[in-house]
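J.: sequence plus predicted model, see below.
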Amino acid sequence: MLLAENLTKKYGDQVALNSLNINIKKGEIFALLGQNGAGKTTTINLFLGFIEPTEGELKINGISVAKNAQETKKYVAYIPETVMLYPNLSGIENLNYFSSLAGFKYSNNELAYFLNKAGLQTQSHHLDLGGYSKGMRQKVGIAIAIAKHATVLLLDEPTSGLDPKASNEFSKILKELSAEGTAILMATHDIFRAKEVATHIGIMKQGNLVSVIDAKDISANELEELYLQTV
């Protein structure tokens with residue numbers, strides 16, 4: 001579902017990403033760990049087509065991002081650290097607006113179903129988004145992904161600033177989407193959340209992917225030790 005081959009991004013002489021190779025299959029959650037500047041967000045932005053690679057190939061669902069950017073966007077939903085939604089609209093109004101931009105038209109009952117599936121309580125559906133917590137806004141972002149029938153989810157620091165309860169709820173939703181076949185790439189600083197939710201974990205340093213681990217083969221403490229040794 002997500003493929004990067006020898007993916008490189010340079011800004012002049014500065015190498016932001018160096019020959020990255022990853023292959024994320026249906027239902028897998030790949031967590032990228034690393035300090036600021038390690039190349040995590042650059043990787044996300046390349047898959048989104050926000051920036052162009054200097055070298056290498058990117059594919060989403062077997063389709064080249066460079067050659068068919070608009071086509072690949074049909075499969076992708078993106079949730080950044082701060083979800084950009086309209087604060088003067090309710091959760092259900094935001095969902096209706098953004099799903100309509102993607103070409104979908106849903107009834108209020110269908111919109112409510114998507115919000116409930118994303119974990120947003122029914123009593124919050126019609127409240128203005130300006131009063132939502134960050135965790136609630138993230139759930140609207142997930143509902144948009146569900147409504148778009150996105151088969152690929154790209155996340156950039158999705159649990160940053162969430163309290164433990166909201167972070168745990170978010171992880172549960174990601175696991176449910178993974179079980180339904182969604183391929184997920186998540187850039188994060190949260191070692192223990194990465195261990196909890198991911199199927200595979202990559203550790204990045206200065207634009208290089210230096211370790212790739214099967215999450216079931218390492219404990220949280222071992223992962224933290226490896227991370228600290230690496231960075």
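T.: Good, I have the coordinates.

J.: next secondary structure element downstream of the helix ranked longest in the chain?
T.: The longest helix of the chain (DSSP state H) is helix 164-179. For helix 164-179, the following helix or strand on the C-terminal side (DSSP states H and E) is strand 183-188.

J.: in the helix or strand that contains F192, what's buried?
T.: Using DSSP H and E, F192 maps to helix 191-197. Across helix 191-197, burial judged by 16 or more other C-beta atoms under 10 Å covers I191, R193, A194, K195, E196, V197. (Glycine included, C-beta is placed from N, CA and C.)

J.: flag the shaky bits of the protein, pLDDT-wise.
T.: Regions of the chain meeting the criterion pLDDT under 70 are absent.

J.: in which helix or strand does H126 reside?
T.: Here H126 is assigned to no helix or strand, by DSSP H and E.

J.: contact partners for it?
T.: When contacts are counted by C-beta atoms under 8 Å, 6 or more residues apart in numbering, H126 touches S90, G91, I92.

J.: can you list the buried residues in the longest helix of the chain?
T.: If you call a residue buried by 16+ other C-beta under 10 Å, then helix 164-179 has these buried ones: A166, S167, E169, F170, S171, I173, L174, K175, L177, S178.

J.: any chance of those residues in CSV, plus distance to K25?
T.: CSV is the format used below for the buried residues of helix 164-179 (distance: C-beta to C-beta, whole Å):
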residue, distance to K25
A166, 28
S167, 25
E169, 26
F170, 22
S171, 20
I173, 20
L174, 16
K175, 16
L177, 14
S178, 11
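
J.: which one of those residues sits closest to K148?
T.: Taking C-beta to C-beta as the measure, K148 sits nearest to L177 out of those, at 12.2 Å.

J.: can you pull the contacts of the closest one?
T.: L177 is in contact with I142, A145, I146, L153, I184, counting by C-beta under 8 Å, 6+ apart.

J.: assign the third one to helix, strand or coil.
T.: Yep, that's I146 we're talking about. Three-state call for I146 (DSSP: H, G, I helix; E, B strand; the rest coil): helix.

J.: do I have it right that it meets L115?
T.: No - I146 is beyond contact range of L115, at 9.0 Å (criterion: C-beta atoms under 8 Å).

J.: show me which of those two is the more surrounded one.
T.: L115 (26 against 23; other C-beta atoms under 10 Å).

J.: nearest spatial neighbour of the more buried one, skipping sequence neighbours?
T.: Leaving aside its sequence neighbours, L115 sits nearest to A143 (C-beta to C-beta, 6 or more residues apart in numbering; 4.8 Å).

J.: near N18, how many other residues are there?
T.: Per other C-beta under 10 Å, the neighbour tally for N18 reads 19.

J.: can you tell me the SS state at it?
T.: Per three-state DSSP, N18 ends up strand.

J.: how close does it sit to L3?
T.: Distance of N18 to L3, computed by C-beta to C-beta, to the nearest Å: 17 Å.

J.: helices or strands up against the helix holding F192?
T.: Packing partners of helix 191-197 (3 or more C-beta pairs under 8 Å, 6 or more residues apart in numbering; DSSP states H and E): strand 29-33, helix 164-179, strand 183-188, helix 220-230.

J.: for L209, find the nearest of these.
T.: Once the helices and strands packed on helix 191-197 are compared by C-beta to C-beta, strand 29-33 is nearest, at 8.0 Å.

J.: for the helix or strand that the closest one is followed by, C-alpha coordinates in CSV please.
T.: Following strand 29-33 in sequence order, the next helix or strand is helix 40-48 (DSSP H and E). Output of helix 40-48 as CSV, limited to C-alpha atoms (Å, rounded to 0.1, in the frame of the first residue of the first chain):
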residue,chain,number,x,y,z
LYS,A,40,10.0,11.6,9.8
THR,A,41,7.9,14.6,8.6
THR,A,42,9.8,14.8,5.3
THR,A,43,8.8,11.2,4.6
ILE,A,44,5.2,11.9,5.3
ASN,A,45,5.3,15.1,3.1
LEU,A,46,6.8,13.2,0.3
PHE,A,47,4.1,10.6,0.3
LEU,A,48,1.5,13.4,0.4
